[in-house]
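*Asks:* Everything below, folded, please.
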Amino acid sequence: MIFFVLRALHIIGVVCWFAGLFYLVRLFIYHTEALDEQEPKRSILTAQFALMSRRLWYAITVPSMFITAIFGTWLMFGYHDLIHEPWLHVKLAMLALLFGYHYDCGRIRKRLAKGERPYTSRQLRIYNEVATFLLVGIVFVAVSRNVGMAFKALGGCALVMGVLVLFLRKKLQGRK
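*Replies:* Below you'll find the predicted structure:
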């Protein structure tokens, strides 16, 4: 019974963590675009986006990351001897990338709060898809416990993202 509770708490942590990361980068996009506005709109919007980002970071994103890590580690070592499984090595590698992404989001948040523009809004829109890509890989490898399946899912995800980028680029160019 406790195993299922731990697994549920781990999954809840994952969902909240990704929701926080997705929304955080969206706030970065809005914050970056607000830097192009005229005063007083610029100051009002950037202050609001900095506040929203800080609250999201400390109230949802960081705690969810810890919940995910704590319950995931507990499941990994407390209930199964999975450390020798190849699929887990792939999942842990993708998690290392996700932790790096999380850390980088914190760095971007701090720079935006200082009034700096670390990236353009277009770059941030692309950066937002990194979390999606990692989510697909992590979920497929965890559910299938198959390294090949995970890489096929990542390949399919990359293909879909590429087609969407090409489609949207043509659609947006048609409006000009």
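*Asks:* Would you confirm that residue 97 contacts residue 134?
*Replies:* Yes: applying Cβ atoms under 8 Å, one finds residue 97 in contact with residue 134, separated by 5.9 Å. Placement of C-beta: from N, CA and C, glycine included.
*Asks:* Quick check: buried residues in the helix or strand residue 125 falls within?
*Replies:* Per DSSP states H and E, residue 125 falls inside helix 121-144. By 16 or more other Cβ atoms under 10 Å, the buried positions in helix 121-144 come out as 121, 124-125, 127-131, 133-142.
*Asks:* So which elements touch the helix or strand following that helix?
*Replies:* Downstream of helix 121-144, the first helix or strand assigned by DSSP H and E is helix 147-175. Applying 3 or more Cβ pairs under 8 Å, 6 or more residues apart in numbering; DSSP states H and E, we find helix 147-175 packed against helix 86-113, helix 121-144.
*Asks:* Give me the residue at the spatial middle of this protein.
*Replies:* Taking Cα atoms, centre = their mean, the centroid of the chain lies closest to residue 131, which sits 3.5 Å from it.
*Asks:* can you pull the contacts of the spatially closest residue to it that is not a sequence neighbour?
*Replies:* Nearest non-adjacent residue to residue 131, counting by Cβ to Cβ, 6 or more residues apart in numbering: residue 21, 4.9 Å away. Neighbouring residues of residue 21 by Cβ atoms under 8 Å, 6 or more residues apart in numbering: 61, 101, 102, 105, 131.
*Asks:* rewinding a little: can you list the neighbours in contact with the helix holding residue 125?
*Replies:* If you take Cβ under 8 Å, 6+ apart as the criterion, helix 121-144 is touched by 18, 21-22, 25-26, 28-29, 32-33, 87, 90-91, 94-95, 97-98, 101, 119, 147, 149-150, 152-154, 157-158, 161.
*Asks:* Can you turn the buried part of those into a ChimeraX selection?
*Replies:* The buried residues among those can be selected in ChimeraX (16+ other Cβ under 10 Å) with this line:
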select :18,21,25,28,29,32,87,90,91,94,95,98,101,119,147,150,153,154,157
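*Asks:* Check the offset of the lowest-mean-pLDDT helix or strand in the chain from the chain's centre.
*Replies:* Among the helices and strands of the chain, helix 147-175 carries the lowest confidence by mean pLDDT, DSSP states H and E, at a mean of 77. Distance of helix 147-175 from the chain centroid (Cα atoms, centre = their mean, to the nearest Å) equals 17 Å.
*Asks:* any idea whether the closest residue in space to residue 88 that isn't next to it in sequence is helix, strand or coil?
*Replies:* Ranked by Cβ to Cβ, 6+ apart and with sequence neighbours excluded, the top spatial neighbour of residue 88 is residue 82, at 4.9 Å. Three-state call for residue 82 (DSSP: H, G, I helix; E, B strand; the rest coil): coil.
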